[in-house]
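Asker: Quick one: sequence and predicted model below, then my questions.
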Amino acid sequence: MTAAQRLRLTAAFAVAGITFGTAACSSSSSTATSGGALSYDRVRSTALDLSRNGSSTCPFGLDFAKAAAGAGITGAVTPAVTDGRSVTGNTGDGVPAQPWPSGASHPPTMTEMPAIPPNAGITCSYTVGASTVDVELLAVPKNDQGISMMLPAIARAGLLGVDQLSRFSADRPAVGQTRLTPAGGRAAVARIALHGDGDLVLVLDQNTTGGQAAQDPALAGEPLRKAAEALAGQLKGQSAGPRTSR
């Protein structure tokens, strides 16, 4: 994570009134393999493999074409290939709390840049008609921290202003719930239980960063929420197992 990226993430935390106490430690469960229950370690090992090799198949059996059809989204669904891959992964090892850079503005109550926990992200990209749609997954090894880590992505995907982002953070979905972002429902956010400790967040949205001029209204609102809910349901069956209380 670059200094600029960390500043943007910290700014999003500040908007939502969020701080992390200390950087979480990476988990070392034996489920860090290609199979088994859907744990933080399994998501991380998959993201590491994707960061090195890429793929054209979304992991964990995710089938966006099926989810889209069930939600009433029309148009052919195909992988959106960039540099030979349509599925990418990334991981972060966490960053401890640090002093603010000289001259950086920050809330008076936030005396230092908050710690960033370890994390693992996976993005599966598709074309639907003329639009590009991303299925973004982010896992963290501590409970109830995934939404906070995803706030910058949620703000970008939902085209949210400061007040809208703060409102969404305050009324964030609980585990097992799927919600649309305010201001038109341009992104859908779901939380899925992991096996053991950790938090998994799924964000479904149109990607306009590649020059797409405008968002397709057919890929927003209730159809988008239904598709995200179906994707979350595809993951749900893999995460059964004991979970510690929040």
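Answerer: Arrived safely, thanks for sending. Numbering: from 1, shown residues only.

Asker: Next up, phi/psi of T91, please.
Answerer: phi -140, psi 150 (degrees, to the nearest 10).

Asker: Check the burial of it by counting its neighbours.
Answerer: By other Cβ atoms under 10 Å, the residues close to T91 number 19. Where you see a C-beta, it was placed from the backbone N, CA and C, and this is true even at glycine.

Asker: Offset the numbering so it begins at 19, please.
Answerer: OK, 19 is where the count begins now, so the last one is T109.

Asker: which residues does the spatially closest residue to P200 that is not a sequence neighbour contact?
Answerer: In space, and not counting its chain neighbours, P200 is closest to Q182: 4.8 Å by Cβ to Cβ, 6 or more residues apart in numbering. Counting by Cβ atoms under 8 Å, 6 or more residues apart in numbering, Q182 makes contact with 176, 199-201.

Asker: in the host helix or strand of Q182, what's buried?
Answerer: Using DSSP states H and E, Q182 sits within helix 180-188. The neighbour-count check on helix 180-188 (16 or more other Cβ atoms under 10 Å) flags 182-187 as buried.

Asker: Show the average pLDDT along the helix or strand that it is followed by.
Answerer: Later in the chain than helix 180-188, the nearest helix or strand by DSSP H and E is strand 196-198. Strand 196-198 shows a mean pLDDT of 96.

Asker: what helices or strands is strand 196-198 leaning on?
Answerer: Here strand 196-198 is seen to pack against strand 205-210, helix 240-254 when contacts are counted using 3 or more Cβ pairs under 8 Å, 6 or more residues apart in numbering; DSSP states H and E.

Asker: With mean pLDDT and distance to A85 added, can I get the ones you listed in a markdown table?
Answerer: Below are these laid out as a markdown table (pLDDT from 0 to 100; distance: least, Cβ to Cβ, whole Å):
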| stretch | mean pLDDT | distance to A85 |
| --- | --- | --- |
| strand 205-210 | 96 | 11 |
| helix 240-254 | 95 | 4 |
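
Asker: Could you tell me how many residues sit around A245?
Answerer: 26.

Asker: Contact partners for the nearest residue to it once chain neighbours are set aside?
Answerer: Residue nearest to A245 in three dimensions, not counting chain neighbours: A89, with 4.0 Å by Cβ to Cβ, 6+ apart. A89 is in contact with 241-245, 248, counting by Cβ under 8 Å, 6+ apart.

Asker: filter the contacts of Q182 to the buried ones?
Answerer: For the contacts of Q182, buried by 16+ other Cβ under 10 Å: 176, 199-200.

Asker: what about the strands in the protein?
Answerer: Secondary structure of the chain (DSSP state E): strands at 95-97, 105-110, 137-146, 149-158, 196-198, 205-210, 217-224.

Asker: Walk me through which strands the fourth one pairs with, and which way each runs.
Answerer: It stands for strand 149-158. strand 137-146 (antiparallel), strand 217-224 (antiparallel) (DSSP bridges).

Asker: Which one of those lies nearest to L80?
Answerer: strand 137-146 (6.5 Å; Cβ to Cβ).

Asker: average pLDDT for that closest one?
Answerer: 95.

Asker: ditto for stretch 73-80
Answerer: In this model, stretch 73-80 has an average pLDDT of 94.

Asker: in it, what counts as buried?
Answerer: Under 16+ other Cβ under 10 Å, the buried positions of stretch 73-80 are 73, 76-78, 80.

Asker: could I get the residues you listed as a markdown table with distance to N137?
Answerer: Formatted as a markdown table, the buried residues of stretch 73-80 follow (distance: Cβ to Cβ, whole Å):
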| residue | distance to N137 |
| --- | --- |
| S73 | 19 |
| C76 | 19 |
| P77 | 16 |
| F78 | 17 |
| L80 | 19 |
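
Asker: Cool, thanks, talk later.
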